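Student: Everything below, folded, please.
(one chain, ligands or ions: 1)
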Amino acid sequence: EESTNYGEELDYTITGIEPGAGIMSAAEEAVEAYELEDWDISASSSAAMTQALGTAYENEEPVIVTGWTPHWKFAAYDLKYLEDPEGIFGEAEDIHTFAREGLEEEKPEAYTVLENFHWTEEDMGEIMMAINEGQNEAEAAAEWVENNQDKVSEWTEGVSSVEDEEIELIFVAWDSEIASTNMIGKVLEDIGYDVTMTPTEAPYMFQAVATGEADAMVAAWLPLTHAHLLDDYEDDMVDLGVNLEGARTGLVVPEYMDIDSIEDLK
Ligand SMILES: C[SH](C)CC(=O)O
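Tutor: Numbers count the residues shown, from 1 in each chain. Below is the predicted model:
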């Protein structure tokens, strides 16, 4: 049967996040590909997006957000991805770790831990949920590290501790990357590094690692979401591989909305 036309109720607006995020380019592409002439993507921030989602959900009002997995919103609310028959948002994504050139020679202990780093959506979700329930980001990460020494020791096995050494991790304040960066930062701190974590926007995160301004990041969504950023910088960075499999991005709505595909927005 005909799906409800949500355009008017939503003022033809999809609630986005920071302008530089890959998901925003994908959402713009989806508006084009599905010929959603009247629709716009409102840029704001991840925090503003989750705030808008929560308010709409509490009032059982329609809302469409640029959404991704892993994210605590799927544990907090009954949500669904809109089908994307054109495949604009791709299939499963992996999150990669990248380091600046020279890190392996200059900071081999950090390089080894970053290269070994690999965890799951559940692991990340525990930290995201704790933060979403009000725990301090660093404390939530430290608690996870303490409770998961079996997994952490796989990353640090054979790595000697360091003294008077600094390391700068750069990230974007997406809930997923707040969790992963604080967690791996704590692991590096526990082997002796003085860790700085610098929040920025996606394009500058790649640029900082490629220019050597920052030492590493654990926040590259590939093959699709950050492909356009990788094109510009991949020759100047070292890909340390996947730290989380089975990520995903797309347009996300509450289950109570009578809509199943991006095509239904036309
Ligand atoms: C919001 S996703 C974690 C990453 C991206 O869209 O750039």
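
Student: Show me what the helix or strand bottoming out on mean pLDDT in the chain packs onto, helices and strands only.
Tutor: When each helix and strand of the chain is scored by mean pLDDT, DSSP states H and E, helix 227-233 comes last, with a mean of 93. Packing partners of helix 227-233 (3 or more C-beta pairs under 8 Å, 6 or more residues apart in numbering; DSSP states H and E): helix 22-33, helix 202-211, strand 216-222. C-beta coordinates here come from the backbone N, C-alpha and C atoms, glycine included.

Student: Domain boundaries for this protein, per the record?
Tutor: 13-89+249-265, 93-247 (automatic domain parsing).

Student: Let's have these in JSON lines, adding mean neighbour count and distance to the ligand.
Tutor: Formatted as JSON lines, those follow (neighbours: other C-beta atoms under 10 Å; distance: least, C-beta to the nearest ligand atom, whole Å):
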{"stretch": "domain 13-89+249-265", "mean neighbour count": "18", "distance to the ligand": "3"}
{"stretch": "domain 93-247", "mean neighbour count": "19", "distance to the ligand": "4"}
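
Student: ranges for the helices of this protein?
Tutor: 22-33, 46-58, 73-76, 103-106, 108-116, 121-132, 137-147, 149-156, 175-190, 202-211, 227-233 (DSSP state H).

Student: now for those helices, which one comes closest to residue 253?
Tutor: Among the helices of the chain, helix 46-58 comes nearest to residue 253, with 9.4 Å by C-beta to C-beta.

Student: Look up the closest residue to the residue nearest the centre of the chain, ignoring the ones flanking it.
Tutor: Residue closest to the mean C-alpha point of the chain, counted by C-alpha atoms, centre = their mean, is residue 176 at 4.5 Å. Using C-beta to C-beta, 6 or more residues apart in numbering and skipping residues adjacent in sequence, the residue nearest residue 176 is residue 70, 5.4 Å away.

Student: residues in contact with residue 102?
Tutor: residue 212 (C-beta atoms under 8 Å, 6 or more residues apart in numbering).

Student: What score does residue 219 have for pLDDT?
Tutor: Looking at residue 219, its pLDDT stands at 98.

Student: Correct me if wrong: it contacts residue 172.
Tutor: Yes - between residue 219 and residue 172 there is a contact at 6.0 Å, judged by C-beta atoms under 8 Å.

Student: list residues touching both of the two?
Tutor: Joint contacts of residue 219 and residue 172 (C-beta under 8 Å, 6+ apart) are residue 205.

Student: thinking again about what came up before, could you export the helices of the chain as TSV, including distance to residue 11?
Tutor: Rendered in TSV, the data for the helices of the chain read as follows (distance: least, C-beta to C-beta, whole Å):
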stretch	distance to residue 11
helix 22-33	14
helix 46-58	13
helix 73-76	22
helix 103-106	47
helix 108-116	44
helix 121-132	28
helix 137-147	34
helix 149-156	45
helix 175-190	26
helix 202-211	27
helix 227-233	29
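
Student: Tell me which of these lies nearest to residue 260.
Tutor: Among the helices of the chain, helix 22-33 comes nearest to residue 260, with 14.9 Å by C-beta to C-beta.

Student: what's the average pLDDT for that closest one?
Tutor: Helix 22-33 comes out at a mean pLDDT of 97.

Student: what's the angle from that helix to strand 216-222?
Tutor: For helix 22-33 and strand 216-222, the angle between their directions (axes from the mean of the first three to the mean of the last three C-alpha atoms, to 10 degrees) works out to 20 degrees.

Student: returning to that earlier point: dump the domains of the chain into JSON lines; add distance to residue 6 as well.
Tutor: Below are those laid out as JSON lines (distance: least, C-beta to C-beta, whole Å):
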{"stretch": "domain 13-89+249-265", "distance to residue 6": "5"}
{"stretch": "domain 93-247", "distance to residue 6": "25"}
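
Student: Tell me which of the ones you listed lies nearest to residue 5.
Tutor: domain 13-89+249-265 (8.7 Å).

Student: start to end distance for that closest one?
Tutor: Terminal residues of domain 13-89+249-265 lie 11 Å apart, using C-alpha to C-alpha, to the nearest Å.
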